[in-house]
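Novice: no sequence for this one, just the structure:
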C-alpha cells in the first residue's frame, strides 16, 4: 500500500477548503497529512517580513533580511513518547531565509525537492534526529497561487517515497495553496468588515456628541494666523498641539486639519481625555481582549486601532494620567501597542492632533506631564484666540447660531438688533464660542419669533448691568475698533428708524454730518434697508 493515499489527500483538501480561517486551514492541512501512514512531521512555512533577524539562528546565512519564511503550522509525533507532539512553532527552524537550505531553495525557485536517505546524509540538517526518528524521505513543495509562491509545504516520512507519491503530493500542494489563499482573502474581508463596523459605530457615537459647529466662522485679523497655519501644517503628518481656552473651537480646527490632509479619507477619531475615568484610559486607547478584566465580556478595539490610517484627536490631552503617558509615547514613537490581555503586537499608522487649555510647559515643570511626550505632541503648536479678541466675528457667529437653533427647536428665526450686536461685542465671553452658542440657544427658545430676548438669556447683557471691564491700558486692534464703530452706526440707524439726516436722524444722534455718515456707511459696508 502506498504511503500516500490519494483518497486521504482528497479528503484533507476538502476539509482545508471548507475553512474560512487561515489558522484552521493550515491546521487541517498539516494534521491531515500527519495522519498518513509513516508520516513523521509535516510543516508549512509562509513568506513574511524579516521581523526577528536579531534572534534568528540562521541570520548569518540570510542574504536579504527584509523577507523570509515563517513557520506557520506543524504536526507530527516523535517515536519517543516523552517528546510529545511536534505542534510547536518555535525552535531552530522557525525561520528560513529565502534561497538558503532546502526549504529556502524551494520557496526561492518555486520548485519541489525530494530527498531520500539513500541519496546520502548531505540533505540532513540534523543527522542524529533523522536516524533516531527513522526518517527515510523529505518531500517539499512550493505553495503557488497565481504564479506567486506563498510558502513551502514539507513532509518528513518514515517510508521511502517514489515519484508517484511526489506527483500526488504536488497536486495536493496546489489545492492547499488555493485553500490558503482563499482563507487569507476571507480573513481580509472579515477584517475590513470589522473595521467598517467599528468606524460606523464610532461615527454614530461621535455624531451624537458633536457640537453644533459646521465650519470655522469669522474673518477677523485674530483668526488669520491660525487659519494660515492650518493650511501649512495640514498636508504634513506632523503632530499638532492646539492651545486655547475652553470653547474656542479646538475640535473644529482639528477637523479642519484632518480634512485638508492626505488622511481625509480615513477616520477622524476623538478621545475626550477629561471625560474618561482613569481606570479606563488604557482600554479606551489600546482596546482589550475578552476576559482581560472584570467586565471585559467581549473583544474590543481601542481608539488607536479604529483611527489606523486616519487622525486621532486627543482633546484635553493634559488630563492623561502620568502612568499611561509612557505607553502613549511608545505608540507615537514606534506605532506599536498591545491590547490589554493580549500578547500580540499590533501596528498602526495614526496622525496625532492634541488639544489642551492647560499650560503644558508648567505641567512639565511640575512633574505632572512627561517632557518627552510634550515635545512629541507639540511638533507644531497652534494657538487659538479667545472670543473677546474677535469682537468683529461675534455678529456672524450669533446669526449662525440663531439659524441653527431656530431649525433645531422649530422656532422662527428672530432678527438680531444692532443694539444687541453692540452688547454682544462688549461682553467678555469667559466661556468663549460655546457660551455664545448656549446663550443664543436659550434666547431662541424664549423668543416669540419676533425679538430675541438676549437679556433674559444672559442677564449681564442688560443695559443697567455693569459691563465687564477691560484693563484701561488694553490696546485694541484696528479690526476691533472698526467692528465697534460698525456696530455703533448700526445701533444709531436702528434707533433713528433708518433715517440718516434731519431731526432725530442717525447723523444727529452720532453728532456728525449726514454726508459724513453716508461715506462712513459705505466704508463699513452698511447698507440702508
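Specialist: Yes, it's here. What you see is a predicted model, and the numbers here were worked out from it, not measured in a lab.
Novice: give the contact list for the residue nearest the centre of the chain.
Specialist: Nearest to the geometric centre of the chain sits residue 307, at 1.4 Å (CA atoms, centre = their mean). Residue 307 is in contact with 266, 267, 268, 269, 348, 350, counting by CB atoms under 8 Å, 6 or more residues apart in numbering. Every residue, glycine included, has its C-beta placed from N, CA and C.
Novice: what number of residues are in the vicinity of the last one?
Specialist: Here the neighbour count serves as a burial measure; for residue 350 (other CB atoms under 10 Å) it reads 22.
Novice: same deal with the fifth one?
Specialist: Here the count is done by other CB under 10 Å, and residue 348 has 19 residues near it.
Novice: spatially nearest residue to the residue nearest to the centre of the chain (excluding sequence neighbours)?
Specialist: Excluding the flanking residues, the one nearest residue 307 by CB to CB, 6 or more residues apart in numbering is residue 269, at 4.0 Å.
Novice: tell me the secondary structure at that neighbour.
Specialist: Following DSSP: H, G, I helix; E, B strand; the rest coil, residue 269 is assigned to strand.
Novice: isn't residue 357 up against residue 316?
Specialist: Yes: between residue 357 and residue 316 there is a contact at 7.2 Å, judged by CB atoms under 8 Å.
Novice: quick one on the thing from earlier: what pairs with the residue nearest to residue 307 across the strands?
Specialist: Going by DSSP bridges, residue 269 is paired in beta bridges with residue 312.
Novice: and stretch 239-249, how far out from the chain's middle?
Specialist: Chain-centre distance of stretch 239-249: 19 Å, with CA atoms, centre = their mean, to the nearest Å.
Novice: quick check: mean pLDDT of it?
Specialist: Averaged over stretch 239-249, pLDDT sits at 94.
Novice: next, the buried residues of it.
Specialist: Neighbour-count burial for stretch 239-249 flags 239, 240, 241, 242, 243, 244, 245, 247, 248, 249 (criterion: 16 or more other CB atoms under 10 Å).
Novice: and if you look at stretch 351-366?
Specialist: 351, 352, 353, 354, 355, 356, 357, 360, 363, 364.
Novice: closest to residue 334 out of the residues you listed?
Specialist: Residue 334 has its nearest neighbour among the buried residues of stretch 351-366 in residue 352, at 13.4 Å by CB to CB.
Novice: look up how far residue 422 lies from the closest one.
Specialist: From residue 352 across to residue 422, the span is 42 Å (CB to CB, to the nearest Å).
Novice: again with residue 234
Specialist: Going from residue 234 to residue 422 by CB to CB gives 36 Å.
Novice: between the contacts of residue 307, which sits nearest residue 227?
Specialist: residue 268 (18.7 Å).
Novice: what sits against that closest one?
Specialist: 254, 255, 258, 307, 310, 311, 313.
Novice: ends of stretch 263-271, how far apart?
Specialist: The straight-line separation of the ends of stretch 263-271 (CA to CA, to the nearest Å) is 18 Å.
Novice: for it, list every residue counted as buried.
Specialist: Using 16+ other CB under 10 Å as the test for burial, stretch 263-271 gives 263, 266, 267, 268, 269, 270, 271.
Novice: with adjacent residues omitted, what lies nearest to the fourth one?
Specialist: Distances taken as CB to CB, 6+ apart put residue 258 closest to residue 268, at 4.5 Å, once the chain neighbours are dropped.
Novice: taking the buried residues of stretch 351-366 one by one, which sit in helices?
Specialist: With helices defined by DSSP state H, the entries of the buried residues of stretch 351-366 inside them are 360, 363, 364.
Novice: tell me which of those is nearest to residue 451?
Specialist: Relative to residue 451, the closest of these is residue 360; by CB to CB it sits at 44.8 Å.
Novice: any idea how far the closest one lies from residue 287?
Specialist: Using CB to CB, residue 360 is found at 27 Å from residue 287.
Novice: ok, now residue 434?
Specialist: Taking CB to CB as the measure, residue 434 falls 31 Å from residue 287.
Novice: what do you get for residue 426?
Specialist: Residue 426 sits 49 Å away from residue 287, going by CB to CB.
Novice: also residue 421?
Specialist: Distance, residue 421 to residue 287, by CB to CB: 49 Å.
Novice: let me see the contact set for residue 298.
Specialist: residue 290.
Novice: look at it and report its pLDDT.
Specialist: For residue 298, the model assigns a pLDDT of 78.
Novice: check residue 92 too.
Specialist: As summarised for this prediction, residue 92 has a pLDDT of 77.
Novice: help me confirm that residue 423 is found in a helix?
Specialist: Yes: with three-state DSSP as the criterion, residue 423 is part of a helix.
Novice: ok, the residue nearest to it when sequence neighbours are not counted to residue 425 distance?
Specialist: Spatial nearest neighbour of residue 423, chain neighbours left out: residue 461 (4.8 Å); criterion: CB to CB, 6+ apart. Relative to residue 425, residue 461 is positioned 11 Å away (CB to CB).
Novice: compare those two (neighbour count), which wins?
Specialist: residue 425 (23 against 18).
Novice: which regions of the stretch 201-350 of the chain sit below the pLDDT cut-off?
Specialist: Within the stretch 201-350 of the chain, the ranges that satisfy pLDDT under 70 run 201-214.
Novice: helices of that one, start to end?
Specialist: With DSSP state H, counting those that start in this stretch as the definition, the stretch 201-350 of the chain shows helices at residue ranges 221-233, 250-259, 281-286, 303-306, 322-334.
Novice: now these as TSV including distance to residue 16 and mean neighbour count?
Specialist: Shown next, in TSV, are these (distance: least, CB to CB, whole Å; neighbours: other CB atoms under 10 Å):
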stretch	distance to residue 16	mean neighbour count
helix 221-233	51	15
helix 250-259	43	21
helix 281-286	34	21
helix 303-306	30	22
helix 322-334	36	15
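Novice: which one of these lies nearest to residue 21?
Specialist: Within the helices of the stretch 201-350 of the chain, the stretch nearest residue 21 is helix 303-306; the backing value is 20.2 Å (CB to CB).
Novice: does anything pack onto that closest one? Which helices or strands?
Specialist: Packing partners of helix 303-306 (3 or more CB pairs under 8 Å, 6 or more residues apart in numbering; DSSP states H and E): helix 163-209, strand 268-272, helix 281-286.
Novice: what's the closest non-adjacent residue to residue 111?
Specialist: Residue 111's closest residue in space is residue 142 (CB to CB, 6+ apart), at 6.7 Å.
Novice: so the helix or strand hosting the one you found versus helix 163-209, what angle?
Specialist: If you go by DSSP states H and E, residue 142 is part of strand 137-145. Interaxial angle, strand 137-145 versus helix 163-209 (axes from the mean of the first three to the mean of the last three CA atoms, to 10 degrees): 40 degrees.
Novice: just the helices from the stretch 401-529 of the chain, written as ranges.
Specialist: Under DSSP H, counting those that start in this stretch, the stretch 401-529 of the chain gives helices at 418-426, 432-446, 454-457, 478-495, 506-510, 514-524.
Novice: report the distance from the second one to the chain centre.
Specialist: Okay, so that is helix 432-446. With CA atoms, centre = their mean, you get 33 Å for helix 432-446.
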